[in-house]
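Sequence first, then the predicted structure, then my questions.
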Amino acid sequence: MKIRVKEGETYSGTSPLTPLHQVESGVTEQFFELEANSHLDLVRISFGEDDFKQSFEVVFLGEGASCNLQFLDLAKNSRKLETIIKVKHNVPNCKSVQVHKGLYSDNSRGIFKAFIEVAKHALGTDASQLHRSLLLSPSARVQAEPHLQIGADAVKCKHGISIGQLDEKALFYLKARGLDEQTAKRFLIQGFAKEILEAIEDEKSRQELEQQVFAWI
Amino acid sequence: MLEIKNLKVNIGDKPILKGLSLSVKPGEIHAIMGPNGSGKSTLSQVLAGHPDYTITDGSVLFKNQNLLEEKPEERALKGLFLAFQYPVEISGVNNTYFLKAALNAKRKSQNLPELDAIDFLKLIKEKMALLKMDEAFLQRSVNEGFSGGEKKRNEALQIALLEPDLAILDETDSGLDIDALKIVAESINALRSPTRSFLVVTHYQRLLDYIVPDYVHVLQNGQITQSGGKELALELERSGYENPR
């Protein structure tokens, strides 16, 4: 699937609402081309059952364009979930934000590959990439690979990765207020997912997705 | 209310509490004072059920039941509250949502009906007014981005809301300026009752000007080395922990 966002326009793509019973499997690829001063908002939440590979590519074609990509990957049982995000800054003065969060439980496996490519002449680029994962079981695995290819000098590029488990201090705090283990964990997991959910502007879609994500948890 | 006998506690292989005994009756306020590293915070954490500590000897009864076998959440529901020295920031979890869940967990354990959103908001706003807290606190994530003083007020708010039988205040004065300290102390004094007890753990005497204890105990090197009335705190302030009396 290829989408071209015309000059000065905004394209907003919330996750296609994927009900839990609907199979999300195989491979999906999406390409976005952004003309000058256009904007792309993308929120993608994946919580199906089957193995799944999703790939997204954003190419800046004109100056002054921007994108905000927010991803939440949820995997349990033995699901293998791979997400690839590429952002190509081919022209100057564009801004990209990538936030990817993953929740992996049971024997699931997450793979996350993120690419930022800044062309030689793409001065004034502002690109950021953030990945955070929570491993909810000892046998869950995640592999996170940030790739930055920066050809230009006067650019801002930052990236961060953190992979961890539920915060024990926070768990104890919640339990010390009378919440049982399961509720305390659910609170922390919901809190983790919330940042991505809040990026969905449409109130109704957000609430629907929030319910589906919380049901998954 | 609380009966601690010969409590010995390790972190790993290192003994921290070395035979501590303490008896708190309903309605009493006890202050535990001591220098850094004396075991004050360990005592607070152990009473609340923190998993990092190993109890090697002794017993603790809370309301005549063995406290040490209970999970942290069971202790809380039975009426024990620890006001944390360092309240934890929990991002993405709305403060109102958290406070309501905590109150309803407690009400459920008492076989009381849970409060709905409207009744809860009414109640929490009353309690916040008592603490002169801005209602904006309700919209924020639990303790996230709160200043030291705001975190301590949020702890005091939870005491006012959950109305525990025993509240342990672990260094509640740290991070509070004098005005905030007075407000927090007033809210705690307002909760004093013949059936509610407080254990005030503090390095400095300052807090005890506002929350006046019935008894003061000095904790040094994992043991209580001296006990007395409220005047003991003033003596310690003058002479320091090295040479009391």
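Good, I have the coordinates. Residues are numbered from 1 along each chain as shown, chains lettered A, B, ... in the order given.

Would you map the strands across the chain?
Because you didn't say which chain, this covers chain A. Secondary structure of chain A (DSSP state E): strands located at A:2-5, A:10-13, A:26-34, A:39-46, A:52-60, A:66-75, A:80-89, A:95-104, A:109-118, A:126-135, A:141-150, A:156-164.

wrong one, chain B
With DSSP E as the criterion, chain B has strands at B:2-11, B:14-24, B:29-33, B:54-62, B:65-66, B:80-83, B:90-94, B:141-142, B:166-170, B:197-202, B:215-220, B:223-228.

Quick check: which of these is nearest to chain A?
strand B:90-94 (2.9 Å; C-beta to the nearest C-beta). For the C-beta atoms, the positions are set from N, CA and C on the backbone; glycine is no exception.

and the closest one, which strands flank it?
strand B:141-142 (antiparallel) (DSSP bridges).

Now that we have the strands of chain A, can you turn them into TSV and tack on distance to chain B and mean neighbour count?
Output for these, formatted as TSV (distance: least, C-beta to the nearest C-beta, whole Å; neighbours: other C-beta atoms under 10 Å in any protein chain shown):
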stretch	distance to chain B	mean neighbour count
strand A:2-5	30	14
strand A:10-13	23	14
strand A:26-34	27	16
strand A:39-46	15	21
strand A:52-60	24	20
strand A:66-75	12	23
strand A:80-89	21	21
strand A:95-104	10	22
strand A:109-118	20	21
strand A:126-135	11	20
strand A:141-150	20	15
strand A:156-164	13	13
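
What residues does chain B have near chain A?
Residues of chain B lying near chain A by C-beta under 8 Å from any C-beta of the partner chain: B:48-51, B:71-73, B:75-77, B:81-82, B:84, B:87-93, B:98, B:101-102, B:105-106, B:109, B:141, B:158, B:162.

List the residues that contact the residue of chain A found nearest chain B.
Residue of chain A nearest chain B, by C-beta to the nearest C-beta: A:G191 (2.9 Å). A:G191 makes contact with B:90-93, B:141 under the criterion C-beta atoms under 8 Å, 6 or more residues apart in numbering or on different chains.

Now it. Nearest residue, chain neighbours left out?
Once flanking residues are discounted, A:G191 sits nearest to B:G92: 2.9 Å by C-beta to C-beta, 6 or more residues apart in numbering or on different chains.

tally of neighbours for the one you found?
The number of residues packed near B:G92 is 19, by other C-beta atoms under 10 Å in any protein chain shown.

show me the contacts for it.
Taking C-beta under 8 Å, 6+ apart as the test, what B:G92 contacts is A:190-195, B:141.

now swap in B:E114 and tell me
B:E114 neighbours (C-beta under 8 Å, 6+ apart): B:104, B:107-108.

For ChimeraX, write the select line for the buried members of these.
Here the buried members of the contacts of B:E114 are turned into a ChimeraX selection, burial being counted by 16 or more other C-beta atoms under 10 Å in any protein chain shown:
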select /B:104,107
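
Verify the stated contact: B:T195 with B:G27.
Yes - between B:T195 and B:G27 there is a contact at 6.4 Å, judged by C-beta atoms under 8 Å.

ok, back up a step: show the buried residues in the contacts of B:G92.
For these, buried by 16+ other C-beta under 10 Å: A:190-194, B:141.

how about CSV for the residues you listed, with pLDDT and distance to B:L7 added?
Below are the buried ones among the contacts of B:G92 laid out as CSV (pLDDT from 0 to 100; distance: C-beta to C-beta, whole Å):
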residue, pLDDT, distance to B:L7
A:Q190, 91, 37
A:G191, 92, 35
A:F192, 93, 37
A:A193, 91, 41
A:K194, 89, 40
B:S141, 93, 36
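
Who are the contact partners of B:P15?
B:8-9, B:56, B:222.

All the helices of chain B, residue numbers only.
B:40-48, B:72-77, B:95-109, B:117-130, B:148-162, B:178-190, B:231-239 (DSSP state H).
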